[in-house]
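Participant: Sequence and predicted structure are below.
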Amino acid sequence: MGNAHKPVSKSKSLETEKLEIVFERVVASGKRAAGSLQKTTVSEEDYQNVFVGSKEFASLLFHHCLRSCHNLSTPHCLTKAEFINTMQPLFSAACSQTKDALYYLLFDIFSNGKDNINKEDLERLISECCILSLTVTLAADFNRCTETSLKQNDVFQAFQQSLMSNRDVVSFDELVDWLSVNAPDLFDGIQSWLQRALDSMKDTYYTVPQLKDLSQQFVDTRASLDTSVVWLLTTILPHCYTVLDTVLDKHQSSRSRAADTQVPVTSIPCFSLLYDSREQGHSLNRFEHHVFGYRGPTLLILKMEKGLTFVVAIDAEWRDSPAQWGDSNCLLLQMTPTWNVIDSGSKLLYYHCRSTGKHRGLIVGKDIESPVISTEDLNSASLKLSRKQLRQHDISILSVEVWGCGSAESADAQKEYRRWELRQIEKQRKVPLPGRWDDNPDKTLLELAGRTVDHAERPDL
């Protein structure tokens, strides 16, 4: 298939031992279903009973194993030896620190062994990645109705169409090249699911994340994020947005995993909605009130006319500054109508509303003289999405959302910041108003300097 290289096992004895345990589990499941004690092979139905979370993927995996056997001992079934021989490459790929082997096998499974994958099979691959990722994350079977909702989701459609790029099929190399830029962690969730299904002797890979009730978290259907879109964002966002602080501290995680560490990167964080212009209004003052003081990474989501949606990932605390700011994990992503990483890196943000200088408002893009997005009031924006494209002006902003991606401590820090603001306001209210002007010491100082302070005595009045 293409010019990819099949993975080679480096510890066959250990893998064989573990796969024997998996085989016995599969056989035991078949015995319970059939009421037989003489079962020595496994079938497609047995795969579906053991590889829980997706009967469709279990069937695809079974038929992949059948294709890998040149001479089956029993039609439509696998013996123990056949099971171990055909599952060893998948086991190695699932437990590998590199992604190439897993990419190859998933491509082969979903393309039915072909050199190219078509739109329908690619859509199925992405859907299964989402569903199995959420199955691992929620430690339960994810509702299969999500598969239907994904087909109706504008973000998922934009993702798939951008990957296909008006082609009927894509090759393995084309898929890998596109994912390396736009969704490098797409297969991490399905990798965790495979680890849990295959590596029954090593439970440390499968940490149950500390999640809130996701159905409550995204109960407002007007919001731009739902559970599946959050998962899709985790395939591109740096880990500081997607892994809880406690997990990061424990595993010393980064986007590149340490060689000796398995991090549960499918632990979807509890994003909290800090600001929604549909509720708080398109006001910079209200924006600052709800966003400033949050000491954690945030996602700014701008929905505009013409179906445009942008996500700005910000790894620094919001501030009003005459200089650009943001650290190395900032990211600008166009989410619809195409999925495209536009810019990333430090000094990606500019927010300054304290003066009426040359640059005012919110600016996104490293080139402040020709930014990607610029808005002075959160009501309309100017856009320049590429060097070749002319700047578009007066694009209406339909909604603005800011989601906090930090820990509970980040939210607590913002609450303390708001309490501090209230104390400052209260102090200002208690400052005594000035008395009679004639008794004001400022008047005496001005008169000593030779200034005329009584307007009736000024010759120019």
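Facilitator: Now that the structure is in, tell me what you want to look at.

Participant: Next one: the closest residue to K384 other than its chain neighbours from L385, what distance?
Facilitator: Nearest residue to K384 in three dimensions, chain neighbours excluded: R391, at 4.5 Å (CB to CB, 6 or more residues apart in numbering). Heads up, the C-betas are built off the backbone N, CA and C, glycines and all. According to CB to CB, to the nearest Å, R391 and L385 sit 9 Å apart.

Participant: name the element the nearest residue to R295 once chain neighbours are set aside belongs to?
Facilitator: Excluding the flanking residues, the one nearest R295 by CB to CB, 6+ apart is A413, at 4.3 Å. According to DSSP states H and E, A413 maps onto helix 408-430.

Participant: helices or strands up against the biggest strand by length in the chain?
Facilitator: In the chain, taking DSSP state E as the definition, the longest strand is strand 392-404. On a contact count with 3 or more CB pairs under 8 Å, 6 or more residues apart in numbering; DSSP states H and E, strand 392-404 meets strand 272-276, helix 277-280, helix 284-291, strand 298-304, strand 380-383, helix 408-430.

Participant: Same list (these) but as JSON lines, adding distance to V27.
Facilitator: Conversion of those to JSON lines gives the following (distance: least, CB to CB, whole Å):
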{"stretch": "strand 272-276", "distance to V27": "47"}
{"stretch": "helix 277-280", "distance to V27": "55"}
{"stretch": "helix 284-291", "distance to V27": "56"}
{"stretch": "strand 298-304", "distance to V27": "47"}
{"stretch": "strand 380-383", "distance to V27": "59"}
{"stretch": "helix 408-430", "distance to V27": "46"}
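
Participant: Just the helices from the stretch 151-300 of the chain, written as ranges.
Facilitator: For the stretch 151-300 of the chain, the helices defined by DSSP state H, counting those that start in this stretch occupy 154-164, 172-182, 188-198, 214-217, 227-234, 239-242, 245-251, 277-280, 284-291.

Participant: which one of these lies closest to S355?
Facilitator: Nearest of the helices of the stretch 151-300 of the chain to S355, taken as CB to CB: helix 284-291 at 13.1 Å.

Participant: Which residues outside the closest one are in contact with it?
Facilitator: 274-275, 277, 280, 298, 318, 320, 353, 361, 377-378, 400, 402, 418 (CB atoms under 8 Å, 6 or more residues apart in numbering).

Participant: send the alpha carbons of the host helix or strand of A101 over as CSV?
Facilitator: In the assignment (DSSP H and E), A101 maps to helix 100-110. Taking C-alpha atoms only, helix 100-110 is exported to CSV below (Å, rounded to 0.1, in the frame of the first residue of the first chain):
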residue,chain,number,x,y,z
ASP,A,100,3.6,6.1,11.6
ALA,A,101,2.7,2.5,12.3
LEU,A,102,-0.7,3.3,13.6
TYR,A,103,-1.4,5.7,10.7
TYR,A,104,-0.5,2.9,8.3
LEU,A,105,-2.7,0.3,9.9
LEU,A,106,-5.8,2.5,10.4
PHE,A,107,-5.5,3.6,6.8
ASP,A,108,-5.3,0.0,5.7
ILE,A,109,-8.3,-1.0,7.9
PHE,A,110,-10.6,1.8,6.7
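
Participant: Does S92 fall in a helix, a strand, or a coil region?
Facilitator: Under the three-state scheme (DSSP: H, G, I helix; E, B strand; the rest coil), S92 adopts helix.

Participant: Mind pulling up the pLDDT for it?
Facilitator: We have a pLDDT of 87 for S92.

Participant: what do you get for the one 10 residues further on?
Facilitator: In the predicted model, L102 carries a pLDDT score of 90.

Participant: Could you shift the numbering so residue one becomes 26, and keep it that way?
Facilitator: In the new numbering, first residue 26, that becomes L127.

Participant: Please look at it and S117 and confirm they touch.
Facilitator: No: using CB atoms under 8 Å, L127 makes no contact with S117, being 9.3 Å away.

Participant: ok, L85 touching D133?
Facilitator: No: counting by CB under 8 Å, no contact exists between L85 and D133, whose distance comes to 10.1 Å.

Participant: Counting neighbours, what do you get for R385?
Facilitator: 18 (other CB atoms under 10 Å).

Participant: Check the burial of the nearest residue to it once chain neighbours are set aside by counting its neighbours.
Facilitator: Once flanking residues are discounted, R385 sits nearest to E401: 5.6 Å by CB to CB, 6+ apart. Here the number of neighbours of E401 (other CB under 10 Å) works out to 15.

Participant: Could you do E394 as well?
Facilitator: Counted with other CB under 10 Å, E394 comes out at 8.

Participant: so who does G429 touch?
Facilitator: Going by CB under 8 Å, 6+ apart, the list of residues near G429 reads 296-299, 319, 321-323, 435-436, 439.

Participant: redo that, cut-off 6 Å
Facilitator: 297, 299, 319, 321, 323 (CB atoms under 6 Å, 6 or more residues apart in numbering).

Participant: If we ignore the residues flanking it in sequence, what's nearest the second one?
Facilitator: When the adjacent residues along the chain are set aside, L299 lies closest to V427, with 4.6 Å between them (CB to CB, 6+ apart).

Participant: Next one: the one you found, what pLDDT does it get?
Facilitator: 95.

Participant: Identify the bridge partners of it.
Facilitator: Y300, L325 (DSSP bridges).

Participant: Now do the helices in the stretch 26-175 of the chain.
Facilitator: Secondary structure of the stretch 26-175 of the chain (DSSP H, counting those that start in this stretch): helices at 37-59, 69-75, 80-93, 105-119, 125-135, 144-163, 170-176.

Participant: picking up where we left off before, got the CA positions of the longest strand of the chain in CSV?
Facilitator: The C-alpha trace of strand 417-429 is given here as CSV (Å, rounded to 0.1, in the frame of the first residue of the first chain):
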residue,chain,number,x,y,z
GLN,A,417,-12.1,42.5,3.5
HIS,A,418,-13.7,45.3,5.6
ASP,A,419,-16.8,45.6,7.7
ILE,A,420,-17.4,41.8,8.1
SER,A,421,-20.2,41.5,10.7
ILE,A,422,-19.3,39.6,13.9
LEU,A,423,-22.3,37.5,14.8
SER,A,424,-21.0,36.3,18.2
VAL,A,425,-17.9,36.3,20.4
GLU,A,426,-17.2,33.6,23.0
VAL,A,427,-14.3,33.1,25.3
TRP,A,428,-13.8,29.7,27.0
GLY,A,429,-11.5,29.1,29.9
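
Participant: now stretch 150-164, how far from the centre of its chain.
Facilitator: 14 Å (CA atoms, centre = their mean, to the nearest Å).
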